[in-house]
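In: A structural model of the following input is requested.
(2 chains)
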Amino acid sequence: MSGVLISVVVFNIVMALVVSLVFVPVLVWMERRVAGFIQDRLGPNRCHIGGVRLGGLVQSFADMLKLVFKEDFRPGAVKEKMIFTLSPVIVFVTAYLSFMVIPFADDLRIDGKTYMMQALPIDFGLLWILAFAGLGVYGLMLGGWASNNKYSLLGGIRAAAQVISYEAVMGLSLISMLIVYGSIHLGDMVRFQGQLIWGFIPAWGIIIQPVAGILFIITAFAETNRAPFDIAEGESEIVGGFHTEYSAMRFGLFFVGEYIAMGAASALIVTLFFGGYQIPWLNTTVLKDHIEMIFIAIIIILPITSYIFARWIKKNNVWLEEGDVRNKETRWLIIGLIGINVLVVLPLVVFLLFGIGENGTNISVVLLQVMTFIIKLLMMNFFFIWVRWTLVRFRYDQLQNLAWKVLLPIAIINVFLTGIFVVVLGV
Amino acid sequence: MGIKIVPRYGQTLKEKLYLPAIVGGMKVTFSHFFENLKDTSKIETLCYPEQLPKDITPRYRGVHRLTKREDDTVKCVACFMCATACPAECIFIEAIEREDGVDEKMPKKFSIDLLECVFCGACVEACPCDAIRMDTGIFSFVKKKREDFVVNIDTLLSHKPMKGSN
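Out: Numbers count the residues shown, from 1 in each chain, chains lettered A, B, ... in the order given. Predicted coordinates:
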């Protein structure tokens, strides 16, 4: 075990933790503020620590704190205490483990050795993800059943039926992707998407296989129980669905697990269909060859975007009362922005002047790709939230009709067409 | 009377695909999101404790007040009409004789239990000498104890009519 290996492994595991657990408050915050803005409201913006509001992000921490400190109550009617406690854990753990095989960057080469940039360096990532995506619903089913409550049971049954129907479609849409990529290793798939079709279109999955892409995105919504497929917790019909009887941190785990599952689904969609860590038109070799140009581009673009962002903050981050402590935040945020700029630009200038060598180039390419992946992930998460606050919930029979009568035939036809295409053209 | 044939929608391919409609809806929500993100000051949310509502009209039935005569004494003659009219039975009056010769009676105690009160305005209607009114515009009363919600005569006399009421 060399020092390099250990630091790469630690980096990857920390990355997996960051994009799953640390992103949860960010996602909750995004959900609320985006919902607010879409509905012409403000959303949470009051909560602050010493005046720092971060646009309302502090509210998520306050809510989590509240969930942690509430009484851990279990209704007396619950007979299966063990399963009742276990089910939120299952939801949480399976959602969290799905993140383990997402490649955050292209394979890192240091001193001639190659390191896989995912938390679990295995090459059957897709199977892993399918396994855990299917397992996650056990948490909902067991929780709904163990609650000993009719509404919870209905919610659990709905979740189970929904996931079974959509899992089939999801698997079929993935098969057509497998035919195209010819691998179940997620890293290979993303490397494939670094190519260009006819020299100018990035070979992203959504461009090669638009039908499979749309099917997969729809089924990913259903798998994560998010609107418009969130009938498992249809408040208007079955109170809270499977988590009616849950409170405090048990409910908190369901809640966090749901957001991690959403993040994992977004990460998978990004990896399979939106080029993963690939910057469009700049795959790993291009990046390595033109690293100086990239540095110069960052040195130019970053201060400009920061300036625009700072102006936006100055305009919008205003508290009504003059003397309020929250009004001091804008200054701190702008100082922070300048600090980030200095911290990024100065080393880049130093690298440009003195050169960074082979390993340095590889590491900076990896960091660039990680940033790209995070940006794409956040955009996909935004898409999830955006859809939730646009579309209405399906009725149960509509949901099953859509899965079996519409999506499944399309998926099967798509698999056949892809197969014929690949065989005939011999690609 | 002819038969009206209602056109059936949703039969064309574009409508059956659903996706164009979904994209249309998403465009609408995104335009709202983007406009509000650009300039949050356009949002009409009232940041309540700092910004108070401006649309409370003089007709609004707020917390009661007792009106005064020209010489700044209480107008109420303790006739118990309001307490009799009150459907929630939340007005408690104790009468004493008025010594200064302006009138015969005046209230010694006049308290209203705001937790019981349903703000129906029957007391204002019932009052024969316009001594009780609900034109203060006070809509928010927060106290720490249950007993504090029983407001006494001094508080009721100290309430001012809101601007714009006659």
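
In: Closest to the centroid, which residue in chain A?
Out: Geometric centre of chain A, nearest residue: residue A:263, 2.5 Å, by Cα atoms, centre = their mean.

In: what residues does chain A put near chain B?
Out: Chain A comes close to chain B at residues A:34, A:36-42, A:214, A:312, A:315-316, A:318, A:320-321, A:386-387, A:389-391, as judged by Cβ under 8 Å from any Cβ of the partner chain. No exception for glycine: its C-beta is placed from N, CA and C like everyone else's.

In: where along the chain do the strands fall?
Out: Here I'm looking at chain A. Using DSSP state E, the strands of chain A run over A:108-110, A:113-115, A:196-197, A:201-202.

In: wait, chain B
Out: Counting by DSSP E, the strands of chain B are B:65-66, B:91-97, B:105-113, B:132-133, B:150-151.

In: can the ones you listed go into JSON lines with extra columns for mean pLDDT?
Out: Shown next, in JSON lines, are the strands of chain B (pLDDT from 0 to 100):
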{"stretch": "strand B:65-66", "mean pLDDT": "90"}
{"stretch": "strand B:91-97", "mean pLDDT": "91"}
{"stretch": "strand B:105-113", "mean pLDDT": "90"}
{"stretch": "strand B:132-133", "mean pLDDT": "90"}
{"stretch": "strand B:150-151", "mean pLDDT": "90"}
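
In: Would you reformat the ones you listed as CSV and include distance to chain A?
Out: Formatted as CSV, these follow (distance: least, Cβ to the nearest Cβ, whole Å):
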stretch, distance to chain A
strand B:65-66, 29
strand B:91-97, 38
strand B:105-113, 32
strand B:132-133, 32
strand B:150-151, 29
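
In: out of those, nearest to residue A:223?
Out: Judged by Cβ to Cβ, the one of the strands of chain B that comes nearest to residue A:223 is strand B:105-113, at 55.5 Å.

In: for residue A:117, what are its contacts?
Out: Taking Cβ atoms under 8 Å, 6 or more residues apart in numbering or on different chains, we find residue A:117 in contact with A:8, A:12, A:103, A:104, A:105, A:106, A:107, A:108, A:187, A:366, A:369, A:370.

In: Which ones among those lie within helices?
Out: Among the contacts of residue A:117, the members falling in helices (DSSP state H) are A:8, A:12, A:187, A:366, A:369, A:370.

In: on that earlier part again, any chance of the strands of chain B in JSON lines, plus mean neighbour count and distance to residue B:9?
Out: What follows is the strands of chain B, written out as JSON lines (neighbours: other Cβ atoms under 10 Å in any protein chain shown; distance: least, Cβ to Cβ, whole Å):
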{"stretch": "strand B:65-66", "mean neighbour count": "21", "distance to residue B:9": "58"}
{"stretch": "strand B:91-97", "mean neighbour count": "15", "distance to residue B:9": "59"}
{"stretch": "strand B:105-113", "mean neighbour count": "19", "distance to residue B:9": "57"}
{"stretch": "strand B:132-133", "mean neighbour count": "22", "distance to residue B:9": "56"}
{"stretch": "strand B:150-151", "mean neighbour count": "18", "distance to residue B:9": "59"}
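
In: Relative to residue A:359, which of these is closest?
Out: Residue A:359 lies closest to strand B:150-151 among these, at 77.1 Å (Cβ to Cβ).
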